[in-house]
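**Student:** how does the following fold in three dimensions:
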Amino acid sequence: MEVILLQDVQKLGQKDDLVHVKNGYGRNYLIPRGYAVSATPSEKKMHSENQKQRAHKEEKIKVEAQELATKMAGLKIIVGAKTSTSGKIFGSVNTIQIAESLKEKGFDIDRKNISLPDDQIKEVGNYKAVIKLHRDVKVDVDFEIIAE
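**Tutor:** Numbering: from 1, shown residues only. Below you'll find the model as predicted:
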């Protein structure tokens, strides 16, 4: 059975993928829960037309993300944190603080799109954060943690 996914399904595919599944899985799980629709000829035609329209919009968004990435390429952020005398931070620096520092520089980035190198940063120093602006566009931003 062929189905068109309406949303991401783990270990099966991404939204708008055309996938082959067993009949029972498609009829009893995917379709009733709204995860997929049956891939009839009319649904396939509508799906291909939607893909064409979406590709044009997606390309425009990607170009805007690439322009923003070029602006952010040489950016360096300074984040202040309370520290002990040995340079250890009380608590840790997280994506919320990085997002706030980016906002001060004029870049409104959601914290969910920022990934830090280590799970928790607990010492003063220089680090890199990876910012995902688009599915295909990522930029590395240097940031320094200083003692307040």
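
**Student:** tell me the helix or strand right after the top helix by length along the chain.
**Tutor:** Taking DSSP state H as the criterion, the chain has its longest helix at helix 41-72. Sequence-wise, the next helix or strand downstream of helix 41-72 (DSSP states H and E) is strand 76-81.

**Student:** now the element after that next one, going C-ward?
**Tutor:** In N-to-C order, the element after strand 76-81 by DSSP H and E is strand 88-93.

**Student:** let me see the mean pLDDT of whichever helix or strand comes after that next one.
**Tutor:** Using DSSP H and E, the next helix or strand after strand 88-93 towards the C-terminus is helix 95-104. Mean per-residue pLDDT for helix 95-104: 90.

**Student:** for the helix or strand following helix 95-104, name the packing helices and strands.
**Tutor:** Per DSSP H and E, the first helix or strand lying C-terminal to helix 95-104 is strand 114-115. Where contact means 3 or more CB pairs under 8 Å, 6 or more residues apart in numbering; DSSP states H and E, strand 114-115 is packed against helix 95-104, strand 125-132. Any C-beta I mention is one placed from the backbone N, CA and C, and that applies to glycine too.

**Student:** how far away is the spatially most central residue of the chain from Val141?
**Tutor:** The chain has Asn113 as the residue nearest its centroid, 4.7 Å off, counting by CA atoms, centre = their mean. Counting by CB to CB, to the nearest Å, the gap from Asn113 to Val141 is 11 Å.

**Student:** same deal with His20?
**Tutor:** For His20, the distance to Val141 - CB to CB - is 41 Å.

**Student:** for these two, work out which one has more neighbours and name it.
**Tutor:** The neighbour count for His20 versus Val141, taken as other CB atoms under 10 Å, is higher for Val141 (22 against 9).

**Student:** show the average pLDDT along the longest helix of the chain.
**Tutor:** For helix 41-72, the per-residue pLDDT averages 89.

**Student:** may I have the strands that pair with the longest strand anywhere in the chain, each with its orientation?
**Tutor:** Longest strand in the chain, counting residues (DSSP state E): strand 138-147. Using DSSP bridges, the strands paired with strand 138-147 are strand 76-81 (parallel), strand 125-132 (antiparallel).
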